[in-house]
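Enquirer: coords below, sequence missing:
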Ligand SMILES: Nc1ncnc2c1ncn2[C@@H]1O[C@H](COP(=O)(O)OP(=O)(O)OP(=O)(O)O)[C@@H](O)[C@H]1O
């Protein structure tokens, strides 16, 4: 097989259909089902992720994207399913073993982690720590050498992600964008083959957007495979070689970004979520009554309140719905 010239070439001849076979898949999953009580959150027949590509996993709220991420990386248990990474079965394996095999996901900076210095957060990203084992006590020199190597790698990565000046600060002191950089840098501590990013753009100030995008593209340039869940369609369009779309637990579409975003199935899936059915007369009446009573309560607390018609406009303009997302 000839090596493709660009990431785009990786997808030449790949059909734009759910579950499409890839030229050189790194991750292959079959019949993955995860139920919560009566709700089937994930029901994926077949999906393949192309090695060396940036693949986006998108879909409306509640589509099952995070659950699929959790299941594939061993953080949640599937009811059934079989999946392989680099040809080896990893289904049913605990997260640390999945990470050791080379598939690593980013984590949101939890409350506990914000109370640790940046450098400690980085050290936590290492897998295969000999120090975790009982024989740490038997061969302390081996453990120390490993600790030193981890610190060295952490410092290099902090430098690369422009976080070196924050090395000893509490992670809680970082901005939203810096947190995302730290999450990505921490994932790289494990020297992964594939990186799974969970909403890398969430809460990022526009000033840092381009920096983050450049870092994600760098991962691909260094030969890694990237799979990311994201709601920011600009980012999806900008950096994805391929897009996989989920809705109601299933994969409903696959293809290059421009093809997927014009796919009626995808538009329907998003519209089904974003646009409620037209209001019935009773619903409309009830909403107007609610607005009226809110206004009356507000005006009761204000002396000589003079409610004009435009106050109704304000109330009606209260942001809500998916556009606010
Ligand atoms: N631990 C859980 N217990 C019960 N139901 C859950 C649990 N986790 C997820 N769900 C449900 O499973 C469905 C899929 O959720 P999931 O978070 O995977 O969707 P998503 O596509 O990641 O959504 P979003 O884009 O909003 O994060 C939703 O209906 C959700 O309420």
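Expert: All right, it came through fine. Being a predicted model, the structure only gives us computed values, none of them experimental.

Enquirer: what count of nearby residues applies to residue 258?
Expert: If you count neighbours by other CB atoms under 10 Å, residue 258 ends up with 9. Quick note: C-beta positions are derived from backbone N, CA and C, even for glycine.

Enquirer: nearest residue to it in space, please, no chain neighbours.
Expert: residue 237 (7.5 Å; CB to CB, 6 or more residues apart in numbering).

Enquirer: for the helix or strand harbouring the one you found, which positions count as buried?
Expert: Residue 237 belongs to helix 233-239 when assigned by DSSP states H and E. Neighbour counts over helix 233-239 (16 or more other CB atoms under 10 Å) mark 235-236, 239 as buried.

Enquirer: next, count neighbours for residue 180.
Expert: Residue 180, neighbours per other CB under 10 Å, totals 26.

Enquirer: state the distance from it to residue 50.
Expert: 24 Å (CB to CB, to the nearest Å).

Enquirer: now do residue 225
Expert: For residue 225 relative to residue 50 (CB to CB), the value is 7 Å.

Enquirer: end-to-end on stretch 211-229?
Expert: One end of stretch 211-229 sits 18 Å from the other (CA to CA, to the nearest Å).

Enquirer: state the mean pLDDT of that stretch.
Expert: Averaged across stretch 211-229, pLDDT comes to 94.

Enquirer: and stretch 36-48, how far from the chain's centre?
Expert: Mean C-alpha position of stretch 36-48 versus that of the full chain (CA atoms, centre = their mean, to the nearest Å) differs by 18 Å.

Enquirer: list the buried ones in that stretch?
Expert: So for stretch 36-48, counting by 16+ other CB under 10 Å, buried means 40-44, 47-48.

Enquirer: one more: stretch 193-207?
Expert: In stretch 193-207, counting by 16+ other CB under 10 Å, buried: 193-201, 204.

Enquirer: nearest to the ligand, of those residues?
Expert: Proximity of these to the ligand (CB to the nearest ligand atom) peaks at residue 199, which lies at 7.7 Å.

Enquirer: does that closest one touch residue 236 like I think?
Expert: No. Residue 199 lies out of contact with residue 236 (CB atoms under 8 Å); the separation is 11.4 Å.

Enquirer: mutual contacts of those two, please.
Expert: Counting by CB atoms under 8 Å, 6 or more residues apart in numbering, the contacts common to residue 199 and residue 236 are residue 230.

Enquirer: before we move on, back to that, intersect the buried residues of stretch 36-48 with the contacts of the ligand.
Expert: residue 41 (CB under 6 Å from any ligand atom).

Enquirer: and the buried residues of stretch 36-48, which is closest to the ligand?
Expert: Within these, proximity to the ligand (CB to the nearest ligand atom) peaks at residue 41, which comes in at 3.3 Å.

Enquirer: any chance you could list what contacts the helix or strand containing the closest one?
Expert: According to DSSP H and E, residue 41 maps onto strand 39-50. If you take CB under 8 Å, 6+ apart as the criterion, strand 39-50 is touched by 10-11, 14, 18-35, 55, 64, 67-68, 71, 78, 81, 194, 225, 227, 241-242, 244, 246, 249-251.

Enquirer: where does the stretch 51-200 of the chain dip in pLDDT?
Expert: Along the stretch 51-200 of the chain, segments meeting pLDDT under 70 span 109, 112, 127-143.

Enquirer: how about the helices of it, start to end?
Expert: 65-72, 95-100, 111-114, 118-123, 140-160, 176-188 (DSSP state H, counting those that start in this stretch).

Enquirer: quick check: bridge partners of the residue positioned nearest the centre of the chain?
Expert: Nearest residue to the geometric centre of the chain (CA atoms, centre = their mean): residue 198, 1.8 Å. For residue 198, the beta-bridge partners are residue 229 (DSSP bridges).

Enquirer: picking up where we left off before, out of the helices of the stretch 51-200 of the chain, which is closest to the ligand?
Expert: helix 65-72 (3.3 Å).

Enquirer: run through who's touching stretch 83-101.
Expert: Counting by CB under 8 Å, 6+ apart, 26-30, 32, 72-75, 77-78, 81-82, 102-103, 127-128, 190, 192-194 sit against stretch 83-101.

Enquirer: what's the PyMOL line that selects buried ones from those residues?
Expert: Selection command for PyMOL covering only the buried members of the contacts of stretch 83-101, criterion 16+ other CB under 10 Å:
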select buried, resi 26+27+28+29+30+32+72+73+74+78+81+102+103+127+190+192+193+194
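
Enquirer: mark which of the contacts of stretch 83-101 are part of strands, please.
Expert: Secondary structure defined by DSSP state E assigns 26-30, 32, 81-82, 103, 194 of the contacts of stretch 83-101 to strands.

Enquirer: got the residues you listed as JSON lines, with distance to the ligand columns?
Expert: Formatted as JSON lines, those follow (distance: CB to the nearest ligand atom, whole Å):
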{"residue": "26", "distance to the ligand": "22"}
{"residue": "27", "distance to the ligand": "18"}
{"residue": "28", "distance to the ligand": "20"}
{"residue": "29", "distance to the ligand": "15"}
{"residue": "30", "distance to the ligand": "19"}
{"residue": "32", "distance to the ligand": "12"}
{"residue": "81", "distance to the ligand": "15"}
{"residue": "82", "distance to the ligand": "20"}
{"residue": "103", "distance to the ligand": "18"}
{"residue": "194", "distance to the ligand": "19"}
